[in-house]
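Student: Got a predicted model here, sequence first, then my questions.
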Amino acid sequence: MPAVRQVLRLLVRVAALALVMFLAAEPVLAQEKDKETDEVKARAKRQREGAGLRGGVWLVPDREVQGADGSETPSFEGYFQRGLDLHLAIESSVGFWRRHQEIARSGGALDAVDGRSAGVYPENAEAEQVNSYIIPLFTALKLYPATRPEQPTEPYILGGVGFALGIDDRQNTAGGILGVGGGDGTVILTGFGFKAGAGVEFRLGRAFGLNVGGRYQWVRFGDEVGGERTFKGLGLDAGFTYRFQYE
C-alpha cells in the first residue's frame, strides 16, 4: 500500500506540473496566434493594393434638341486601390466622359438642311457647338465577399460617393438653339454624385489582371452643363489591373 500511495502522489505532482506549464504557456500561444492573424491581415492588405484603368460606355439619356447632332465618347476611369482586410478595399477613382452637341444656324435661327447628315450646310450657316465634359471623383468601398486576395477569380461589389467637375466649352451659342449659361466660352461647375456596381477580377499572374463590370452612376450639378443638371445611367466597362508588389 505504501508503494501505491507513492505512485498516486507522483501522478498528482506530474498532473499539477503539467497544469502549471499549460497555464504558463497559454498566453504565449495566444500571443503567437494573434501575431499570425496580424501577419495574415497585413499580407492581405498589401496583396489588395494596386491601380488600374477601365473603359466602356455610360448610357446617359440624350438631351433632345430638334435638328441637333449629338455624340458621346466612351467613358474612362483610372483608380487606385488600398486594401483594408481579407475581403475589403477602398477605391479612389477619377473618370472622364464627353458629350458633343452641334447644330447649324443662320442669323441666330435654326436652319433646316435636308442634307445635313452628309455634312452639307448653307454658306451663311454657323456651327453652334457645345462640348460637355463630366469628370467624377469618387471614393468607393469594394467588397470581395467570397474570395481571398490570392485567388485567381474574384467577384466584387462596390458603392461610393464623391464630387464631380462639369466643364462646358461653347462656341457660337449666344442666343442660339444650344445656348446655355448666357454665352460662349468655357464654364466649370462642381457637383456631387454616387455609383454602385459589381464585377469580376481575373488575375493573370502575381501583378497583372483583367476586370469586367457594370455600374449605375448618378451626378448632379448646381447649374446646367450642356443644358442638363443631372447625368445618370447604367455603365459597362472592362480594363486591366496592376497589383503592387512588395518583397
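Tutor: On my side now, so go ahead. Numbers count the residues shown, from 1 in each chain.
Student: hey, where'd the strands end up in this protein?
Tutor: Assigned by DSSP state E, the strands in the chain fall at 50-58, 69-72, 75-83, 88-106, 109-110, 126-143, 153-171, 185-203, 208-225, 228-243.
Student: Within its sheet, name the partner strands of the second one and how each one runs.
Tutor: So the one you mean is strand 69-72. Within its sheet, strand 69-72 is paired with strand 88-106 (antiparallel), according to DSSP bridges.
Student: buried ones in the strand it pairs with?
Tutor: Neighbour-count burial for strand 88-106 flags 88-93, 95-99, 101-105 (criterion: 16 or more other Cβ atoms under 10 Å). The C-beta positions use only the backbone N, C-alpha and C, and glycine is treated the same way.
Student: Over to stretch 136-156?
Tutor: For stretch 136-156, burial by neighbour count (16+ other Cβ under 10 Å) applies to 136, 138, 140, 142, 144, 149, 154, 156.
Student: again, but for stretch 72-87
Tutor: Buried residues in stretch 72-87, counting neighbours by 16+ other Cβ under 10 Å, are found at 72, 75, 76, 77, 79, 81, 83, 86, 87.
Student: pLDDT (mean, whole number) over that stretch?
Tutor: What stretch 72-87 shows for mean pLDDT is 93.
Student: now do the same end-to-end measure for that stretch.
Tutor: Using Cα to Cα, to the nearest Å, the end-to-end distance of stretch 72-87 comes out at 36 Å.
Student: Low-confidence ranges, the chain, go.
Tutor: Scanning the chain with the threshold set as pLDDT under 70 gives 1-37, 64-67, 105-126, 173-183, 247.
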